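> Let's see this in three dimensions:
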Amino acid sequence: MKIQLTKGDKIFLTFIALGYIAVLIYMVATGYTFSLEGVGERWIYQLPFGTGPLSRINPMTVIMTWVIMAGLIIFVSTVKVFEVIPGKKQTLLELALEFILDMTKDAIPKKEFVRPTFNIAATLFLFILIANILSGIPGVQVVPTDSGIKITLFEDTWYTPTSDLNTNATFAVLVLMISHAFAIKAKGFSTWLKSFFEPNPIMFPMNIVGELAKPVSHSLRLFGNIMGGGLLVLIISYLVKYLILPTFLWGFFGMFVGSIQALVFTILAIAYIGALLE
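Numbering: from 1, shown residues only. Just a heads-up that it's a prediction; the model follows:
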């Protein structure tokens, strides 16, 4: 199925391209020198109660998470009535969702769990995809400094919630809990519990460690690629003084690598659920 770009779509894409060029021209014309102050740090707000890690939040993670969710809801609501001859938005959704549905059918052995797993996987994919793409578009960032917080405009990309390990760990833990809940429902509690002692009771500690390692590797893989990619872009940009590479690297890591990582996270989520249902 081929997507045809209308005049409005071409204007929008041209606007984005001109935005990149304008940022680059501004930096070259003004002799802008990038500073590494605050790189790798996070804007952390201490809540008025408690002193532990659960009493601190990253406001940008919360804000951007809600912005992405609202954007997805608005986008989907505009194509809630599917037509026989699909438009651009419907076609885009159908291509993405059909691909995920095919993967889910291949990985989930029990048909009654295909639809619930697909719903989970599609939600994760769409959210992570949009979040990662934002990391390739110049936007607003909040950088902590010694004197407080500094708000920058178009000197860096939009903040993405997937660069926060808390977001990725939350998704990974939810996938782990859902996979075991599905396994209990499909096999029964006694059969599910027995699987931890297979193929030999001596393997029980190793099976527990293996299950706990899933969310750790699941979350760190996405976090490392997104956070590491962002830091790499900033460091290279500092070395070349923002003359040639930054806009290309923003687009590459945010859109290309970000899209791949969204797909990898989704595939692993489907695989973890399917493995426990076998």
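> all helices of the stretch 51-200 of the chain, in order?
Using DSSP state H, counting those that start in this stretch, the helices found in the stretch 51-200 of the chain span residues 59-77, 88-107, 114-134, 165-187, 189-194.
> Residue 277 is in contact with residue 186, correct?
Yes. Contact status for residue 186 versus residue 277: in contact at 5.4 Å, counting by CB atoms under 8 Å. Heads up, the C-betas are built off the backbone N, CA and C, glycines and all.
> who touches both of the two?
110, 113 (CB atoms under 8 Å, 6 or more residues apart in numbering).
> Next, the buried residues of the longest helix along the chain.
Secondary structure of the chain read by DSSP state H shows that its longest helix is helix 204-239. For helix 204-239, a neighbour-count test (16 or more other CB atoms under 10 Å) marks 214-215, 218-219, 221-223, 225-227, 229-230, 233-234, 237 as buried.
> go on, stretch 54-74?
Buried, per 16+ other CB under 10 Å, within stretch 54-74: 58, 60-61, 64-65, 67-68.
> about what we covered before: nearest to residue 125 among the buried residues of helix 204-239?
Set against residue 125, the nearest of the buried residues of helix 204-239 by CB to CB is residue 222 (12.0 Å).
> Just list the residues touching the nearest residue to that closest one once chain neighbours are set aside, thanks.
Once flanking residues are discounted, residue 222 sits nearest to residue 168: 4.7 Å by CB to CB, 6 or more residues apart in numbering. Applying CB under 8 Å, 6+ apart to residue 168 gives the contacts 162, 218-220, 222-223, 265.
> 6 Å instead?
219, 222-223 (CB atoms under 6 Å, 6 or more residues apart in numbering).
> Could you measure from residue 261 over to residue 132?
Relative to residue 132, residue 261 is positioned 6 Å away (CB to CB, to the nearest Å).
> shared neighbours of the two, anything?
With CB under 6 Å, 6+ apart, residue 261 and residue 132 have no common neighbours.
> related to what we said a few turns ago, mean neighbour count, the helices of the stretch 51-200 of the chain: which tops it?
helix 114-134 (a mean of 21; mean count of other CB atoms under 10 Å).
> List of residues touching that helix?
Counting by CB under 6 Å, 6+ apart, 68, 72, 97, 100-101, 104-105, 108, 158, 160-162, 255, 258, 262, 265-266, 269-270, 273 sit against helix 114-134.
> avg pLDDT for it?
Average pLDDT, helix 114-134: 91.
> Hey, what's the angle from it to helix 165-187? Just curious.
170 degrees (axes from the mean of the first three to the mean of the last three CA atoms, to 10 degrees).
> any idea how far helix 114-134 is from the chain center?
9 Å (CA atoms, centre = their mean, to the nearest Å).
> oh, and call the first residue 30 from now on, that's how I've got it
Right, with 30 as the first residue, what we last looked at is helix 143-163.
> what angle do it and helix 88-106 make?
Using the same axes, to 10 degrees: helix 143-163 against helix 88-106 is 120 degrees.
> and residue 104, how far is that from residue 159?
For residue 104, the distance to residue 159 - CB to CB - is 9 Å.
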